[in-house]
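Trainee: the amino acid sequence is not available; the structure is as follows:
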């Protein structure tokens, strides 16, 4: 049974996983808490943390999988997109490991990996299916015809949904990362109390810059009237912000499902861990007659297990990378 080592280091989480015969045996993630004090990820600090974490994380993944280095048949790594310094750490380790063992190297696109996170555990969608991929840096609707045959139907023209959540949280004075805190407070609030601008974009394109500006001007106006406005109305503001962002996501997803006739629908990426978005997908699926799919929470955020699933399917097809391959901050599918 072939065994693959997978490395993920696109942003601020160092992760290693072992995939054996297409099944995830281990998935170790080291998070970086250093960025919280700066209100966002600091690329240089992220790179340094990856350098400290990469060897212990790989060792832990091998140990948990009960696999030795000598039993690894190929190495998959995140080649793009992401923070270039962070990507270089993972790519450098993967290339060194592959060269030392004289085994194949497999380059993986991070966003394709988020889509294939649906195939780590049951239940799994059938092809073709649509995937709404939402993370801190990306918002896309992807048509998936096969494991390695995907087409981006539409994406954000400016900020991603995750950025909108985090920047709204920053306006509210919430600590980084603020997206999960908005989700938490939204449970207690009235989502219909405040209304924010909804962008109207052609096709399946998204835009979240307008809703951010709308939130900013709203807060500035209300705080002039009452300096304690945010504190007094925090839960309702969070609920209204969350509903506004989710509404834009779901409207485009419903449009894509109608136009393609596809009823196998999934969401993936870090924002797919948002409870409001998950509930919206489930409710819409019931109304529209969809079969909906959401990866387990641990596979929504950045992780090496999803990198390993893509690497596994590339391994089966002999789709290997040259040792001269370089990481890329931005890369087309």
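Mentor: Received the coordinates, thanks. All of these numbers come straight from a predicted model, not from anything done at the bench.
Trainee: packing partners for the helix or strand hosting residue 111?
Mentor: Taking DSSP states H and E as the criterion, the element that holds residue 111 is helix 110-116. If contacts are counted by 3 or more CB pairs under 8 Å, 6 or more residues apart in numbering; DSSP states H and E, helix 110-116 sits against strand 74-80, strand 129-134, strand 139-146, strand 264-268, helix 304-316. To be clear about C-beta, it is placed using only N, CA and C from the backbone, and glycine gets the same treatment.
Trainee: repeat that with 10 Å
Mentor: Counting contacts by 3 or more CB pairs under 10 Å, 6 or more residues apart in numbering; DSSP states H and E, helix 110-116 is packed against strand 3-8, strand 74-80, strand 129-134, strand 139-146, strand 149-155, strand 264-268, helix 304-316.
Trainee: adding distance to residue 171, mean neighbour count and mean pLDDT, write these out as a markdown table.
Mentor: As requested, those are exported to a markdown table (distance: least, CB to CB, whole Å; neighbours: other CB atoms under 10 Å; pLDDT from 0 to 100):
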| stretch | distance to residue 171 | mean neighbour count | mean pLDDT |
| --- | --- | --- | --- |
| strand 3-8 | 30 | 28 | 98 |
| strand 74-80 | 31 | 26 | 98 |
| strand 129-134 | 20 | 26 | 97 |
| strand 139-146 | 20 | 20 | 98 |
| strand 149-155 | 24 | 16 | 97 |
| strand 264-268 | 25 | 24 | 98 |
| helix 304-316 | 31 | 27 | 98 |
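Trainee: ok, which of these comes nearest residue 169?
Mentor: Among the helices and strands packed on helix 110-116, strand 129-134 comes nearest to residue 169, with 15.8 Å by CB to CB.
Trainee: which stretches in the stretch 151-300 of the chain count as strands?
Mentor: With DSSP state E, counting those that start in this stretch, the ranges of strands along the stretch 151-300 of the chain come out as 264-268, 291-293.
Trainee: against residue 217, how distant is the residue of the chain most remote from its centre?
Mentor: Within the chain, residue 225 marks the point farthest from the mean C-alpha position, 38.4 Å out by CA atoms, centre = their mean. Remark: distance between residue 225 and residue 217 (CB to CB, to the nearest Å) = 13 Å.
Trainee: quick one, helices of the protein?
Mentor: All helices of the chain, identified by DSSP state H, fall at 43-65, 84-101, 110-116, 161-171, 179-186, 209-225, 229-260, 275-288, 304-316.
Trainee: ok, which of those comes nearest residue 72?
Mentor: Ranking the helices of the chain by proximity to residue 72 (CB to CB) places helix 84-101 first, at 6.6 Å.
Trainee: what packs against the closest one?
Mentor: Using 3+ CB pairs under 10 Å, 6+ apart: helix 84-101 touches strand 3-8, strand 13-20, helix 43-65, strand 74-80, strand 105-109, helix 304-316.
Trainee: columns distance to residue 118 on top of the ones you listed, output as a markdown table?
Mentor: Formatted as a markdown table, the helices and strands packed on helix 84-101 follow (distance: least, CB to CB, whole Å):
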| stretch | distance to residue 118 |
| --- | --- |
| strand 3-8 | 16 |
| strand 13-20 | 15 |
| helix 43-65 | 21 |
| strand 74-80 | 17 |
| strand 105-109 | 16 |
| helix 304-316 | 9 |
